[in-house]
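# how would this look folded up:
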Amino acid sequence: MSRRSRRVVDAIVWLNNEIIKCCDWPRSLPYFAVKVGILCFFGKEWTATLVDMKISVITLFPEPIKSYMSESMMWKAQDQKLLELELVNLRDFGEGERRTVDDTPYGGGDGMLLKAEPVVTAIESVKKENSRVILLSPQGKRFVQRDAQRLSAEKHLILVCGRYEGFDERIRSFVDEQISVGDYVLTGGEIPAMAVIDSVVRLIPGVLGGENSAKEESFADGRTLEYPHYTRPPEFRGMKVPDVLISGNHERIAKWRSDQATKRTDELHNNQ
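The predicted structure follows:
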C-alpha cells in the first residue's frame, strides 16, 4: 500500500472513530447533526490535503519559486495532490517596524548577514515532528542524485534560502543538513531550492507518469549516464538513427542502450 493510500485509510479510520464518539454524547438530534456536519466538513478538508510530500520554502523572494512551480510537472504534482508547496516569506518574521532580517557582521567585513532570530522563528513556524530542515548554502554537501532519491522519501522538507553575504552561524544549529548545488556562488538560495525541489518531486511516484521514467535516466544508480535518444525523422542533415533502434529487436536494443550508457559514462569520467 502506498503512503498516499495509507493516509487515506488513516483519515477514514479517524473520522469513523470521531463519529462513534458522537454516539456516546447527548443524543439530541440537532446536536448530533451539527457535530457530524462539522466532522464531515473538516474531514473533507483534511483528506483533501493528504499529499505524498509537503515542501516549505523560507525565502525573501517567493515569487520566482511560485512562478516556476506553477508549470509542467511541478504543477501536475500539486494538482494531483502528490505535493503541497508552502512559500514562507522571511520578511514576515523581520524585526521592528521595517521588518529587518539582516545586519552587519561582528568583526567587520563587507555585506550583510541574515539574522538568527527571524530565520529560526520562520523555521519553527512550519516545523513539525516529521520535518527535515535543509539550509541551502555553498558550504553544504554537494547535492547529487542519491540525495534526491533519499529526500523523496521524506514527508516534509523545509528549505531555507540564503541571501546577502550569508547566515548568522548560529542558524546552522537549527537545521538537519546543509546542501550545495555546486562549487559556485549565487546571489540567493532560490535557484538551488528550485533545483532541489524539481529533482526530488519528479521522483515521487505518479509525477512523471511512466513507471520506469525515473529509473532509466542519468545517475539513477549514482554514476551511469543515460543512453542516447532519437526520434523522428529517421535522418536529419545526414545524421541517421542507428539501425538497431528501428530493428524491432528489443534484446538488441537493450544491449545497445546499455553499451552506449557505459561508453558515455566512461568518456565523461575520463575527460574530468
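# those strands in this structure, which residues are they?
Taking DSSP state E to define them, one finds strands in the chain at 53-59, 83-89, 102-103, 113-114, 131-142, 156-161, 166-167, 177-180, 235-236, 239-240.
# Tell me which other helices or strands the first one touches.
Read it as strand 53-59. Packed against strand 53-59 by the contact rule (3 or more C-beta pairs under 8 Å, 6 or more residues apart in numbering; DSSP states H and E) you find strand 83-89, helix 116-126, strand 156-161, helix 190-201. Glycine gets a C-beta too; all of them are placed from N, C-alpha and C.
# just to revisit the earlier point, please identify which of the strands of the chain is closest to residue 188.
Closest approach to residue 188 among the strands of the chain (C-beta to C-beta): strand 156-161, 5.9 Å.
# Identify the residues contacting that closest one?
53-61, 90, 119, 122-123, 126-128, 130-136, 151, 171, 175, 188-190, 192-193, 196-197, 200 (C-beta atoms under 8 Å, 6 or more residues apart in numbering).
# List buried residues within those.
53-61, 90, 119, 122-123, 126-127, 131-136, 151, 171, 175, 188-190, 192-193, 196-197, 200 (16 or more other C-beta atoms under 10 Å).
# now residue 166: how far from residue 229?
Residue 166 is 41 Å from residue 229, where distance means C-beta to C-beta, to the nearest Å.
# the more surrounded of the two?
Between residue 166 and residue 229, residue 166 has the larger neighbour count (other C-beta atoms under 10 Å), namely 17 against 7.
# Might you report the residue contacts of that one?
Residue 166 sits next to 111, 113-114, 137 when contact means C-beta under 8 Å, 6+ apart.
# Same check on residue 129?
By C-beta under 8 Å, 6+ apart, residue 129 has no neighbours at all.
# List phi and psi for it.
phi -60, psi -30 (degrees, to the nearest 10).
# going forward can the numbers begin at 46, since that is how I track them
Okay, using 46 as the starting number, the last item reads as residue 174.
# rewinding a little: now, of the helices and strands packed on strand 98-104, which is deepest in the fold?
strand 201-206 (a mean of 24; mean count of other C-beta atoms under 10 Å).
# what angle sits between that strand and helix 235-246?
Counting by axes from the mean of the first three to the mean of the last three C-alpha atoms, to 10 degrees, strand 201-206 lies at 160 degrees to helix 235-246.
# Now strand 201-206 - C-alpha only, PDB.
C-alpha atoms of strand 201-206 as PDB (Å, rounded to 0.1, in the frame of the first residue of the first chain):
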ATOM      1  CA  HIS A 201       8.000  17.300   4.900                       C
ATOM      2  CA  LEU A 202      11.000  19.200   3.700                       C
ATOM      3  CA  ILE A 203      11.800  22.800   4.900                       C
ATOM      4  CA  LEU A 204      14.200  24.600   2.500                       C
ATOM      5  CA  VAL A 205      15.900  27.700   3.900                       C
ATOM      6  CA  CYS A 206      17.100  30.100   1.200                       C
END
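# Need the CA coordinates for stretch 164-178. PDB is fine.
Extracted as PDB, the C-alpha positions of stretch 164-178 are listed here (Å, rounded to 0.1, in the frame of the first residue of the first chain):
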ATOM      1  CA  VAL A 164      15.200  32.700  10.300                       C
ATOM      2  CA  VAL A 165      14.800  30.400  13.300                       C
ATOM      3  CA  THR A 166      11.400  31.800  14.100                       C
ATOM      4  CA  ALA A 167      10.300  31.200  10.500                       C
ATOM      5  CA  ILE A 168      11.600  27.600  10.700                       C
ATOM      6  CA  GLU A 169       9.800  26.900  14.000                       C
ATOM      7  CA  SER A 170       6.500  28.300  12.500                       C
ATOM      8  CA  VAL A 171       6.300  25.500  10.000                       C
ATOM      9  CA  LYS A 172       8.400  22.700  11.500                       C
ATOM     10  CA  LYS A 173       6.500  19.500  12.500                       C
ATOM     11  CA  GLU A 174       7.600  16.300  14.100                       C
ATOM     12  CA  ASN A 175       8.300  14.700  10.700                       C
ATOM     13  CA  SER A 176      10.000  17.800   9.200                       C
ATOM     14  CA  ARG A 177      13.600  17.800   7.700                       C
ATOM     15  CA  VAL A 178      15.200  21.200   7.700                       C
END
